[in-house]
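A.B. asks: Dropping a prediction and its sequence here:
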Amino acid sequence: MNESIFIPVLAIIGFIAGVINTIAGGGSLLTLPMLIFLGLPPAVANGTNRIGIFIQCITSVAGFKSKGIKPSRFGVYLGISALVGSLIGASIAVDIKGETFNKILAIVMVLVVFFMVFKPKVNIADLVERTKKKHLWISIVTFFFIGIYGGFIQAGVGIFILLALTSINYLSLVKSNAIKVLVVLIYTIGALAIFAYNQQIDYVYGLVLALGNATGGWIASRWSVKKGDGLVKVFLVIMVIAMAIKLWIAN
């Protein structure tokens, strides 16, 4: 694809992903396969996608802080655990063959979007937060494995983080989201380092994608997003299944 077309297309993809991440979650289910379709090798697409994730998390953490929700020590503990895991996951990702990665991504995309649609709802309104003693250690171990997954492929990791925080620790959705972006910010540093060391990042395209991500997230955060959730899920399901099929049959 001509680079003059590639860049605006990538910015638009990033914008859509930023909106989806804010409204429903799962924006990387679009950006990662689209980077592959637009010509980047799978490992480079995987690494490049992390720049957008990293910058979006920085702005998100700042946004939560401006609303009085500061990064917590609990979130830092989970982030460090996930960071260790992400080094393992990213190291696996840079060594895997492109065709194998595409097929793994196709399967993950379908499974994650299925989980998004049918995930169990946790009612935590009347429950007491559990962030100390055994529940802290359970979460640390859990986030180590979440970090491995996030370092390897990223797509849909936010959904699993929210599920862990609400079901293990009984945190509210607001607190869970604040911790989520902090955890992803911390472990993405490790993943970026691995991909950068192995020269698996296209920095120009990554920054273009990040600009779109940040813009889409900023605009979507000012909408009344609750009514749009169903529509976004339908759009995401259709797009993800179509791209997963294309990834699976691609040579």
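C.D. replies: Arrived safely.

A.B. asks: Would you mind listing the residues in contact with the residue lying closest to Thr215 once chain neighbours are set aside?
C.D. replies: Nearest residue to Thr215, sequence neighbours excluded (CB to CB, 6 or more residues apart in numbering): Phe15, at 5.5 Å. Bear in mind the C-beta positions are built from the backbone N, C-alpha and C, glycine included. Going by CB atoms under 8 Å, 6 or more residues apart in numbering, Phe15 touches 212-213, 215-216.

A.B. asks: For stretch 166-180, which outside residues touch it?
C.D. replies: 61, 64, 69, 71-72, 74-75, 78, 122, 124, 127-131, 135, 138-139, 142, 158, 161-162, 165.

A.B. asks: Let's see which of those end up in helices.
C.D. replies: Applying DSSP state H to the contacts of stretch 166-180, the entries found in helices are 61, 64, 74-75, 78, 135, 138-139, 142, 158, 161-162, 165.

A.B. asks: Tabulate those residues (a markdown table), appending distance to Tyr205 and pLDDT.
C.D. replies: Below are those laid out as a markdown table (distance: CB to CB, whole Å; pLDDT from 0 to 100):
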| residue | distance to Tyr205 | pLDDT |
| --- | --- | --- |
| Val61 | 24 | 80 |
| Phe64 | 28 | 73 |
| Phe74 | 35 | 91 |
| Gly75 | 30 | 91 |
| Leu78 | 30 | 95 |
| His135 | 41 | 89 |
| Ile138 | 39 | 94 |
| Ser139 | 35 | 93 |
| Thr142 | 33 | 95 |
| Gly158 | 22 | 80 |
| Ile161 | 26 | 87 |
| Leu162 | 28 | 81 |
| Leu165 | 32 | 87 |
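
A.B. asks: In JSON lines: those, plus neighbour count and distance to Ile53.
C.D. replies: Shown next, in JSON lines, are these (neighbours: other CB atoms under 10 Å; distance: CB to CB, whole Å):
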{"residue": "Val61", "neighbour count": "20", "distance to Ile53": "12"}
{"residue": "Phe64", "neighbour count": "20", "distance to Ile53": "16"}
{"residue": "Phe74", "neighbour count": "20", "distance to Ile53": "22"}
{"residue": "Gly75", "neighbour count": "25", "distance to Ile53": "17"}
{"residue": "Leu78", "neighbour count": "30", "distance to Ile53": "17"}
{"residue": "His135", "neighbour count": "14", "distance to Ile53": "27"}
{"residue": "Ile138", "neighbour count": "14", "distance to Ile53": "26"}
{"residue": "Ser139", "neighbour count": "23", "distance to Ile53": "21"}
{"residue": "Thr142", "neighbour count": "22", "distance to Ile53": "20"}
{"residue": "Gly158", "neighbour count": "23", "distance to Ile53": "10"}
{"residue": "Ile161", "neighbour count": "24", "distance to Ile53": "13"}
{"residue": "Leu162", "neighbour count": "19", "distance to Ile53": "16"}
{"residue": "Leu165", "neighbour count": "30", "distance to Ile53": "18"}
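
A.B. asks: Do a quick rundown of the helices in the stretch 151-251 of the chain.
C.D. replies: Ranges of helices in the stretch 151-251 of the chain, per DSSP state H, counting those that start in this stretch, are 157-168, 173-197, 203-220, 229-249.

A.B. asks: Ile104 is nearest to which of those?
C.D. replies: With CB to CB as the criterion, Ile104 lies closest to helix 229-249 of these, at 9.4 Å.

A.B. asks: Could I get the average pLDDT for that closest one?
C.D. replies: Helix 229-249 comes out with an average pLDDT of 66.

A.B. asks: Ok, stretch 94-101 next?
C.D. replies: The pLDDT scores in stretch 94-101 average 85.

A.B. asks: For the residue lying closest to Gly18 once chain neighbours are set aside, give its distance to Gly75.
C.D. replies: When the adjacent residues along the chain are set aside, Gly18 lies closest to Gly216, with 2.5 Å between them (CB to CB, 6+ apart). With distances taken as CB to CB, to the nearest Å, Gly216 is found 24 Å from Gly75.
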